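In: Give the three-dimensional model of this entry:
(2 chains)
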There are 2 protein chains.
Amino acid sequence: MTQTVAWLDLVADDIKRVEEKMRSGVSERYQDLQAVIDYLMGAGGKRLRPALTLMAANFYPVDKEKSYSLAASVELLHTATLVHDDLIDNSLFRRGLPTLNASWSPGATILTGDYLFARSAELTAETDHVRIVRIFAQTLMTIVGGELQQLFNDGHGRVPSYDEYHQRIYAKTASLFAAGTQTGGILCGAPEHEVQALHDYGYHLGMAFQIVDDVLDFRGDEDRIGKPVANDLRQGIATLPVMLFAEKSPGHPTILKAVRREPVSDKEILTVVEQIRASGCVEKAMEEARRFACQAQADLETLPNNPYRQAMHGIAD
Amino acid sequence: MTQTVAWLDLVADDIKRVEEKMRSGVSERYQDLQAVIDYLMGAGGKRLRPALTLMAANFYPVDKEKSYSLAASVELLHTATLVHDDLIDNSLFRRGLPTLNASWSPGATILTGDYLFARSAELTAETDHVRIVRIFAQTLMTIVGGELQQLFNDGHGRVPSYDEYHQRIYAKTASLFAAGTQTGGILCGAPEHEVQALHDYGYHLGMAFQIVDDVLDFRGDEDRIGKPVANDLRQGIATLPVMLFAEKSPGHPTILKAVRREPVSDKEILTVVEQIRASGCVEKAMEEARRFACQAQADLETLPNNPYRQAMHGIAD
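Out: Below is the predicted model:
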């Protein structure tokens, strides 16, 4: 993690400009909305998505202002989906801070998310590339379609297939990573095969990123990630470590109950978590993440060598 | 109303193509989402917004396919805001049919609205005009900003000023009418002063349309509009007839209670509705609507005379 932060230093100054853009654009009449946006932007995060977008946008000489708009639009799209997700999941904390819906009405939370979608689209249009607008619109359809799919499949009550899992983490995470690096390449006028390589890098890195996130759900102590251990499984979502374990122990009663959304006690969860940890499936899932990260690094090979490519290689480590 | 429908006949065949576009674009994997979109699109309405957009887009030779995308994007943006509004207001019926949130979870309703925003943006991008994308993004910011403003001002507890009322109905209705006719003009390459005239026509017509809608809240019998009489006032929203009446009878206790969101009995509402009807303020509000409609007709004068201009003139009648 510390190393990733070091790689992100390369665009740290640019990220400040991106953050300014993220806060800007609110009409002076809407002071309450401005306060909320400042709050959301202050909640921070690593800004990994806009950083990767900026790196991709710097492979060739680029209109800096447009690159900030593009990176801000990526992060605002991400923020908008989080605002709606926290409301849907009734999550009260994110990154250790109260979520919007924790203190606001559902109506205000929905509308704030909508506003951020609109502002993200406006920033995308500032790139003057209609192809970039289209990619972002399609990415939002992918993200939302994946979430709806998950809601609709609630009743199926079984451990997902690998194909279903890959589709889910693509929709949830890799699609936006890929959209950011791909559109960065388009913005700076990279040749089409390099745009494709930048897209693939974002895709593979995003897949690795989400698997690591899913693995942390089994590894982390609660303090560090601010969520109870196996939070996904408690909500009936089986991620890669559970899927690998379920192959070894098909019909495990706690896992079946969980994916059927039947009540599962804390004790049952902690027992199955211990079993999963002891089974080696957490490490096996990490290997899968590592494979995706290696593919991301391989995608970079056809690109010109420069500090941005080196940073992108380093982040995938 | 019958007359308006006759004017809309001019683009009836095109509207069928627009409706096809509105239903299309859903990945085959999302069959449940497709069913919901078919349901929403089947709920219909007069399709006034896409019809006006198509008329504006036909002042000069236009790429028909792009004009359908543009008109579909206007109506999907409108539909998306209605889906979220019905959830926020907890409305169970719209146009006589159950709303999405009446039978669905809040999460699925939020995500469906988000999906429609994204699809609307994608269709906007199909026009290949980044300026059109920007106008739509800004219009969505205006619509949502207006709704947030109304939520935040809930506690103020007073009858709004004319300026506040105009801002509210601009955000709620006129902004999207104006965006539709303006972008129609941009799409067919109308000269800039005609694009402006088309924008102004949409703006003035939209203002008139919303005032008439607000007036119907005091005139209509419940059966016709499917809502209880004075539904806005029951929810604490003072529209033009109430504002005009409150000028004559400042400090009217029922109106004060309503705008302060204090409980108001059905009897109190029906009494003040009778008083407002007897005061002539409903007619006075209609005159204001008529003034806006006349301005809309005046806006058309600088435009080339053709069947579309005649229809737009007729609709404003």
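
In: all contacts plus neighbour counts: C-alpha atoms, from now on.
Out: OK.

In: Tell me where chain A is predicted with low confidence.
Out: Chain A contains residues with pLDDT under 70 at A:1-2, A:154-155, A:220-227.

In: Pull up the residues of it that are close to chain B.
Out: Neighbours of chain B within chain A, by CA under 8 Å from any CA of the partner chain: A:30, A:32-33, A:84, A:88, A:106-108, A:110-112, A:114-115, A:118-119, A:121-122, A:125-126, A:128-131, A:133-134, A:137-138, A:140-141, A:144-145, A:147-149, A:151-152.

In: all strands for chain A, in order.
Out: Secondary structure of chain A by DSSP state E: the strands cover A:93-94, A:97-98.

In: Please work out how many residues are found near A:Arg277.
Out: Close neighbours of A:Arg277, defined as other CA atoms under 10 Å in any protein chain shown, add up to 17.

In: how far away is it from A:Tyr165?
Out: Distance of A:Arg277 to A:Tyr165, computed by CA to CA, to the nearest Å: 20 Å.

In: Of the residues of chain A next to chain B, keep whichever come out buried.
Out: A:33, A:84, A:88, A:106-108, A:110-112, A:114-115, A:118-119, A:121-122, A:125-126, A:128-131, A:133-134, A:137-138, A:140-141, A:144-145, A:147-149 (16 or more other CA atoms under 10 Å in any protein chain shown).

In: Just these: which are in helices?
Out: A:33, A:84, A:88, A:106-108, A:110-112, A:114-115, A:118-119, A:121-122, A:125, A:130-131, A:133-134, A:137-138, A:140-141, A:144-145, A:147-149 (DSSP state H).

In: how near is A:Leu116 to A:Ile15?
Out: From A:Leu116 to A:Ile15 the distance is 18 Å (CA to CA).

In: swap that for A:Met22, please
Out: Computed as CA to CA, the A:Met22 to A:Ile15 distance reads 10 Å.

In: A:Gln138 now?
Out: From A:Gln138 over to A:Ile15 (counting by CA to CA), the distance is 25 Å.

In: Please apply the same query to A:Asp38.
Out: 16 Å.

In: quick one: which of these two has more around it?
Out: A:Ile15 (21 against 16).

In: Ignoring the adjacent residues along the chain, who's closest to the more buried one?
Out: Nearest non-adjacent residue to A:Ile15, counting by CA to CA, 6 or more residues apart in numbering or on different chains: A:Ala51, 6.9 Å away.

In: Can you report how many residues neighbour the one you found?
Out: 28.

In: Next up, the contacts around it.
Out: A:Ala51 is in contact with A:8, A:11, A:15, A:71, counting by CA atoms under 8 Å, 6 or more residues apart in numbering or on different chains.

In: And the residues you listed, which is closest to chain B?
Out: A:Ala71 (17.0 Å; CA to the nearest CA).

In: does A:Asp232 really touch A:Ala238, like I thought?
Out: Yes. A:Asp232 lies in contact with A:Ala238 (CA atoms under 8 Å); the separation is 6.8 Å.

In: what's the burial count for A:Glu287?
Out: A:Glu287 has 15 neighbouring residues, counting by other CA under 10 Å.

In: Any figure for the gap between it and A:Cys281?
Out: 10 Å.

In: Grab the nearest non-local neighbour of A:Ala285.
Out: A:Ala285's closest residue in space is A:Pro241 (CA to CA, 6+ apart), at 5.7 Å.

In: Was I right to think the one you found contacts A:Ser279?
Out: No. In this structure, A:Pro241 is not within contact of A:Ser279 by CA under 8 Å, at 9.6 Å.

In: more crowded one of the two?
Out: A:Pro241 (24 against 15).

In: show me what contacts that one?
Out: Per CA under 8 Å, 6+ apart, neighbours of A:Pro241: A:214-215, A:276, A:281-282, A:284-285.

In: List just the nearest of the residues you listed to chain B.
Out: Using CA to the nearest CA, the contacts of A:Pro241 come closest to chain B at A:Asp214, 22.2 Å.

In: need the contact list for that closest one.
Out: A:239-241.

In: what's the spacing between A:Ala143 and B:Gly251?
Out: If you look again at residue A:143, you'll see it is Ile, not Ala. To B:Gly251, A:Ile143 is 51 Å away according to CA to CA.

In: Comparing those two, which shows the higher neighbour count?
Out: A:Ile143 (25 against 13).

In: Contact partners for the more buried one?
Out: Contact analysis of A:Ile143 by CA under 8 Å, 6+ apart lists A:171-173, A:175.

In: ok, back up a step: A:Ile255 versus the residue nearest to A:Ala285, what's the distance?
Out: Distance, A:Pro241 to A:Ile255, using CA to CA: 12 Å.

In: try A:Ala57
Out: With distances taken as CA to CA, A:Ala57 is found 44 Å from A:Ile255.

In: What of A:Leu100?
Out: 32 Å.

In: Have a look at those two and say which one is more surrounded.
Out: Remark: of A:Leu100 and A:Ile255, A:Ile255 carries more neighbours, 29 against 25, as counted by other CA under 10 Å.

In: give me the residue from the stretch 201-317 of chain A nearest chain B.
Out: For the stretch 201-317 of chain A, CA to the nearest CA, closest residue to chain B: A:Gln235, 14.7 Å.

In: My understanding was that that residue contacts A:Ala258; is that so?
Out: Yes. Assessed by CA under 8 Å, A:Gln235 is found in contact with A:Ala258 at 7.3 Å.

In: Which residue lies closest in space to the residue sitting nearest the centre point of chain A, excluding its sequence neighbours?
Out: By CA atoms, centre = their mean, chain A has its centre lying nearest to A:Thr173, at 3.9 Å. Among residues not flanking A:Thr173 along the chain, A:Gly206 sits closest, at 5.7 Å (CA to CA, 6+ apart).

In: wouldn't that neighbour be in contact with A:Thr181 here?
Out: No. Using CA under 8 Å as the test, A:Gly206 is too far from A:Thr181 to be in contact (10.7 Å).

In: So if I had to pick from those two, which one is more boxed in?
Out: Ranked by neighbour count (other CA under 10 Å), A:Gly206 and A:Thr181 place A:Thr181 first, with 31 against 27.
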